[in-house]
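Peer 1: Pasted the sequence and its predicted model underneath.
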Amino acid sequence: MIQISGSLVAIVTPMHEDGSLDFPSLRKLIDWHIAEGTDGIVIVGTSGESPTVSVEEHRELIRVAVEQANKRIPIIAGTGGNSTTEAVELTAYAKQVGADASLQVVPYYNKPTQEGMYLHFRKVAESVDLPVILYNVPGRTVADMTVETMLRLAEVPGIIGVKEATGNIDRAAQLIKGAPASFKIYSGDDPTAIALMLLGGHGNISVTANVAPRAMHELCAAAMRGDLETARRIHMQLLSVHKNLFVESNPIPVKWALQAMGKMEGGIRLPLTPLAPQYHEVVRASLKDAGLLS
């Protein structure tokens with residue numbers, strides 16, 4: 001099985017100003033991430049605007065990412081949802097086109113019980129022979145998967161890890177302490193990722209990596225090998241970026257930042273809107289402070 005660890009970028013979905021998908025820019029972003037040392041790419045996750053792409057677009061984004069990566073870097077396909085049947089179908093497609101793993105978000109809106117979550121994720125893992133990374137982000141899904149449920153799912157064949165996006169380091173420590181060695185714990189929160197990795201976590205599924213791929217790769221590598229001095233220095237370099245990429249809902253600020261860096265157009269789909277003008281200089285200053293923009 002391919003090893004998935006380090007800096008895993010939660011890559012944005014480039015769009016033209018009219019909201020249509022910009023596949024040439026996506027291909028260029030993937031090549032840039034590979035050149036800069038990114039360790040894996042999560043395609044069509046939260047940062048990829050998964051709620052506003054059609055099923056056909058979702059599939060094509062996965063296919064193009066796999067094709068462009070061409071086995072140079074792991075591709076983790078965001079194929080989760082609040083319908084178990086649809087999650088299975090999309091995961092099967094990701095398997096078919098060659099994705100290396102799937103990211104399965106806690107079902108949102110319908111608020112499943114812990115038992116419902118367990119059965120949902122187990123069904124996906126049992127239905128498709130593709131490694132599953134769980135994704136707990138209660139700030140978006142409302143439903144919060146408990147440590148006990150995660151550890152129970154860690155025993156299910158095919159479920160290889162969890163993206164823990166609460167930023168709760170006590171919870172992360174409990175997971176790291178209780179999980180089997182084969183079950184990987186990834187941060188989903190840039191400001192606290194350094195702490196999770198220093199505790200023994202296996203990487204960071206990162207928004208910041210969209211604009212700082214080399215720095216995030218180096219931060220993750222340092223933290224995972226226990227090099228606190230290097231990890232802390234890079235974390236401080238990126239501190240303002242971590243904060244100000246969330247002045248409005250993700251991925252609004254990071255898409256503006258990538259446009260400012262000349263990486264793509266700034267298209268985004270409703271109900272998300274372009275970054276409000278009062279935040280332009282806030283985000284720009286953070287990029288400059290981190291050495292990402294002259």
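Peer 2: Yep, it's here.

Peer 1: Which parts of the stretch 1-150 of the chain are helices?
Peer 2: Listed in chain order, the helices of the stretch 1-150 of the chain (DSSP state H, counting those that start in this stretch) span residues 23-36, 55-69, 84-97, 114-127, 138-141, 147-153.

Peer 1: tell me how far the longest one is from the chain's mean position?
Peer 2: Here the centre of helix 55-69 is set off from its chain's centre by 16 Å, with CA atoms, centre = their mean, to the nearest Å.

Peer 1: Pull out the buried positions in it.
Peer 2: Within helix 55-69, the residues that count as buried by 16 or more other CB atoms under 10 Å are E57, H58, R59, E60, L61, I62, R63, V64, A65, V66, Q68, A69. No exception for glycine: its C-beta is placed from N, CA and C like everyone else's.

Peer 1: which of the residues you listed lies closest to E89?
Peer 2: Among those, R59 lies closest to E89 (CB to CB), at 9.9 Å.

Peer 1: I'd guessed the closest one sits against L90; true?
Peer 2: Yes. Taking contacts as CB atoms under 8 Å, R59 lies within contact range of L90: 7.4 Å.

Peer 1: now the protein, which segments are flagged as low pLDDT?
Peer 2: 1 (pLDDT under 70).

Peer 1: Which residue, neighbours along the chain excluded, lies closest to G201?
Peer 2: I185 (4.6 Å; CB to CB, 6 or more residues apart in numbering).

Peer 1: list the contacts for that neighbour?
Peer 2: Neighbouring residues of I185 by CB atoms under 8 Å, 6 or more residues apart in numbering: G161, V162, E164, A172, L175, I176, A179, L196, G200, G201, H202.

Peer 1: Also A165?
Peer 2: Counted by CB under 8 Å, 6+ apart, A165 has contacts Y135, N136, V137, G139, S187, G188, D189, I205.

Peer 1: A260 now?
Peer 2: With contact set as CB under 8 Å, 6+ apart, A260 has these partners: V283, R284, L287, L293.

Peer 1: let's see 10 Å
Peer 2: V211, G266, L275, H280, V283, R284, L287, L292, L293 (CB atoms under 10 Å, 6 or more residues apart in numbering).

Peer 1: so L239 makes contact with S286?
Peer 2: Yes. In this structure L239 lies within contact range of S286 using CB atoms under 10 Å: 8.9 Å.

Peer 1: For stretch 6-19, output the C-alpha coordinates as PDB.
Peer 2: The C-alpha trace of stretch 6-19 is given here as PDB (Å, rounded to 0.1, in the frame of the first residue of the first chain):
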ATOM      1  CA  GLY A   6       3.500  14.700   5.300                       C
ATOM      2  CA  SER A   7       2.100  17.700   3.600                       C
ATOM      3  CA  LEU A   8      -1.100  16.800   1.900                       C
ATOM      4  CA  VAL A   9      -2.600  19.800   0.100                       C
ATOM      5  CA  ALA A  10      -6.300  20.300   0.200                       C
ATOM      6  CA  ILE A  11      -6.100  21.700  -3.300                       C
ATOM      7  CA  VAL A  12      -8.500  24.300  -4.600                       C
ATOM      8  CA  THR A  13     -10.500  23.800  -7.700                       C
ATOM      9  CA  PRO A  14      -9.400  26.500 -10.200                       C
ATOM     10  CA  MET A  15     -12.300  28.300 -12.000                       C
ATOM     11  CA  HIS A  16     -12.700  30.900 -14.600                       C
ATOM     12  CA  GLU A  17     -14.400  34.200 -13.600                       C
ATOM     13  CA  ASP A  18     -17.700  32.800 -15.000                       C
ATOM     14  CA  GLY A  19     -17.400  29.800 -12.600                       C
END
